[in-house]
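Engineer: Pasting a predicted model and its sequence here:
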Amino acid sequence: MKTIGLCAVFLATMSMVGHAQGFCPPFGDDFFGTNSCCMPAPSPAFQIPLLGPNGIDIPAQWAHITNCGLANDTQVTINIQMTTTIPTVPGVTFGLIACDDVLFRITGSNTSGTFGFTIGNNFTSPSRLDWLMGKYMRTWFATDESGFSRQYYRFLISGDATFSGGASQTQVPKCTSTFGKAMMWGYLDLSCYSVHAPGMDPPSTPDFRASLVLTHYDGCQSHMDIPQNGRKIPFGVGARHQGESYHLVAPNNFTFGTTSVVSSTALDFAGSSIDAVRSTVSRTFIGGRSGPQCLSESTIDATNTNQFINCGCGSGTNPQYFHQKITGTAGVATCTGPSPVRQWSSAAFVPEIPTGFFEMQIGTWSSAARFDVRDVTPFPILGLVSYLDKCDPLAIPPFGTESLHVVYGINTLFRGTANRPTLFNNGGSLPTDTLMDFGNSVTDRDEFDIGEPFYTNILWMISR
């Protein structure tokens, strides 16, 4: 279990932003494991890494999947930048991003420059510019391909992709003909260690690595024709791209396909001893609420079972969608307040998400390490979860009943042994082979939306 109080985290790291090479924090646990009853966490010395002002360049792949088969795989180079302050906008004043929020900017293009993109949020607030929102999830350590013990930091990220150059319709999501942009959901893992460089200021040169998966889901999900979708497209319209999805994956030692998992039971699990959910109250950038505060997590248990596998809304014969049912309890009996222990589960959304939760198999990173990633199979997640946030006074009765949450995220299955994660466990350690992380979506209208940029204020962490 982890307990979050990250306002101090980013205040501590702000002094390091000026270093041209970025900042790699000391190796260690975040120690967020002392409270579990919706209490503000203590202020630990934990820090996150910060990339230098020029960010980091990574070889990547942009893929288009049609009817569960690879239609296009374009080699690109992406640049990732990050900040913990909101860019200055004339007439608008914002300060440090609070709690567990980080802003990223991702740009990319192919070698010839005929295909390019920028991924960022386009909220109503002008301060967003072309930055996209990241939410710190968790940290762990593993041994990289050089034998160094390296610390990893996971962020959920989301934002709109806009495209430039003479890109073909095969590479660009068809919905951009209607909206001019496409919503991308996913995650980013950032790792670092410091290599000593005598005579330099700072006295160490951080070595950064990163991996990510961002997905624009099949049009039957990302553009489903429901009132809660700001980008709904009716069935039968070409821009809905039924049976087609788009993916950005880095680094570029990735093989797209559906043969990397032997059986569906590889994704079944019962929760571990450190599974948890946490809440950010009140929501940043959401009107009508006071400043955000990261509250302690609630312990959870979770059981995830596959119900069936198919090609989703496509007509292909390769099974790519693992439709699942996830259930559990949240809370501890020693906490005060209404219903300290409660059930939570996926909620069926027929026909687009029939079991309420799915993982999408898109491929795997090869055993030949590149940018420190090897033998990892990522499964993008999309679903609808019924969960009443006991930490948000405006979400529980009598003030509100915000219980249904569109969720997105990733399940990473580490299939090798050399880079298998070891979780920090409140001073101890816990090896694992599966990290499932997902969060909810709240729009600037303070309601869930499955198709537009959003803010995440509830996060679930599960491992096996």
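Structural biologist: Received it, and whenever you're ready, just let me know what you need.
Engineer: Give me the spatial nearest neighbour of residue 152, chain neighbours excluded.
Structural biologist: Nearest non-adjacent residue to residue 152, counting by CB to CB, 6 or more residues apart in numbering: residue 191, 4.4 Å away. (Each C-beta comes from the backbone N, C-alpha and C, glycine too.)
Engineer: Model confidence at that neighbour, what's the number?
Structural biologist: We have a pLDDT of 90 for residue 191.
Engineer: I figured it hits residue 372, correct?
Structural biologist: Yes - if you go by CB atoms under 8 Å, residue 191 and residue 372 touch, sitting 6.7 Å apart.
Engineer: where do the contact lists of those two overlap?
Structural biologist: 144, 150, 209 (CB atoms under 8 Å, 6 or more residues apart in numbering).
Engineer: which other helices and strands contact the host helix or strand of the last one?
Structural biologist: Using DSSP states H and E, residue 209 falls within strand 204-216. Judged by 3 or more CB pairs under 8 Å, 6 or more residues apart in numbering; DSSP states H and E, strand 204-216 is in contact with strand 56-66, strand 149-164, strand 182-196, strand 244-250, strand 376-386.
Engineer: what about 6 Å?
Structural biologist: Applying 3 or more CB pairs under 6 Å, 6 or more residues apart in numbering; DSSP states H and E, we find strand 204-216 packed against strand 56-66, strand 182-196, strand 244-250.
Engineer: which of the ones you listed is buried the deepest?
Structural biologist: Per-stretch averages of neighbours, counted by mean count of other CB atoms under 10 Å, single out strand 244-250 among the helices and strands packed on strand 204-216, with a mean of 25.
Engineer: who's in contact with whichever helix or strand comes after it?
Structural biologist: Downstream of strand 244-250, the next assigned helix or strand under DSSP H and E is strand 254-256. Strand 254-256 is contacted from outside by 61, 63, 70, 363, 365, using CB atoms under 6 Å, 6 or more residues apart in numbering.
Engineer: and these, which two are the farthest apart?
Structural biologist: 70 and 365 (15.5 Å; CB to CB).
Engineer: which of the two has more neighbours?
Structural biologist: Set side by side, residue 70 and residue 365 show more neighbours around residue 365, with 28 against 17, by other CB atoms under 10 Å.
Engineer: Who does the more buried one form a beta bridge with?
Structural biologist: residue 254 (DSSP bridges).
Engineer: wait, isn't it in contact with residue 373?
Structural biologist: Yes - assessed by CB atoms under 6 Å, residue 365 is found in contact with residue 373 at 4.9 Å.
Engineer: ok now do residue 56, which residues does it touch?
Structural biologist: 80, 208, 210.
Engineer: list the contacts for residue 144?
Structural biologist: 150, 372.
Engineer: ugh, typo on my part, it should be residue 431
Structural biologist: residue 422.
Engineer: Could you check the pLDDT of it?
Structural biologist: In this model, residue 431 is scored at 80, pLDDT.
Engineer: Please name the bridge partners of it.
Structural biologist: Beta-bridge pairing of residue 431, defined through DSSP bridges, involves residue 422.
Engineer: For it, give its distance to residue 438.
Structural biologist: 22 Å (CB to CB, to the nearest Å).
Engineer: shaky segments in the stretch 201-350 of the chain?
Structural biologist: 201-204, 259-266, 270-274, 280-297, 332-340 (pLDDT under 70).
Engineer: can we see that at 80?
Structural biologist: 201-205, 227-228, 258-301, 330-342, 349-350 (pLDDT under 80).
Engineer: do the same with the stretch 351-464 of the chain
Structural biologist: Short version for the stretch 351-464 of the chain, where the test is pLDDT under 80: 367-372, 388-403, 416-419, 424-430, 442-455, 457, 464.
Engineer: just so I have it, where are all the strands in it?
Structural biologist: 357-360, 363-365, 376-386, 404-414, 422-425, 428-431, 434-440, 458-463 (DSSP state E, counting those that start in this stretch).
Engineer: and residue 221, which of the ones you listed is closest to it?
Structural biologist: Across the strands of the stretch 351-464 of the chain, closest to residue 221 is strand 376-386 (CB to CB), at 6.0 Å.
Engineer: Which positions within that closest one qualify as buried?
Structural biologist: 376, 377, 378, 379, 380, 381, 382, 383, 384, 385 (16 or more other CB atoms under 10 Å).
Engineer: The fifth one reaches residue 215, doesn't it?
Structural biologist: To tie it back to what came earlier, the one meant is residue 380. Yes - here residue 380 lies in contact with residue 215, judged by CB under 6 Å, at a distance of 4.4 Å.
Engineer: Identify the farthest-apart pair in the buried residues of strand 376-386.
Structural biologist: Distance extremes for the buried residues of strand 376-386: the farthest pair is 376 and 384 at 26.7 Å, using CB to CB.
Engineer: hang on, the earlier thing: separate out the buried members of the contacts of residue 56.
Structural biologist: 80, 208, 210.
Engineer: Could I get those residues in JSON lines, plus columns for distance to residue 169?
Structural biologist: Below are these laid out as JSON lines (distance: CB to CB, whole Å):
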{"residue": "80", "distance to residue 169": "27"}
{"residue": "208", "distance to residue 169": "35"}
{"residue": "210", "distance to residue 169": "29"}
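Engineer: which one of the residues you listed is nearest residue 248?
Structural biologist: Residue 248 has its nearest neighbour among those in residue 80, at 11.2 Å by CB to CB.
Engineer: tell me what the helix or strand where the closest one lies is packed against?
Structural biologist: Applying DSSP H and E as the criterion places residue 80 in strand 69-83. Judged by 3+ CB pairs under 6 Å, 6+ apart, strand 69-83 is in contact with strand 56-66, strand 101-109.
Engineer: Please work out the average pLDDT along that strand.
Structural biologist: 93.
Engineer: just the angle between it and strand 182-196, please?
Structural biologist: If you take axes from the mean of the first three to the mean of the last three CA atoms, to 10 degrees, strand 69-83 sits at 60 degrees to strand 182-196.
Engineer: in its sheet, what does strand 69-83 sit against?
Structural biologist: For strand 69-83, the paired strands and their directions (DSSP bridges) read strand 56-66 (antiparallel), strand 101-109 (antiparallel).
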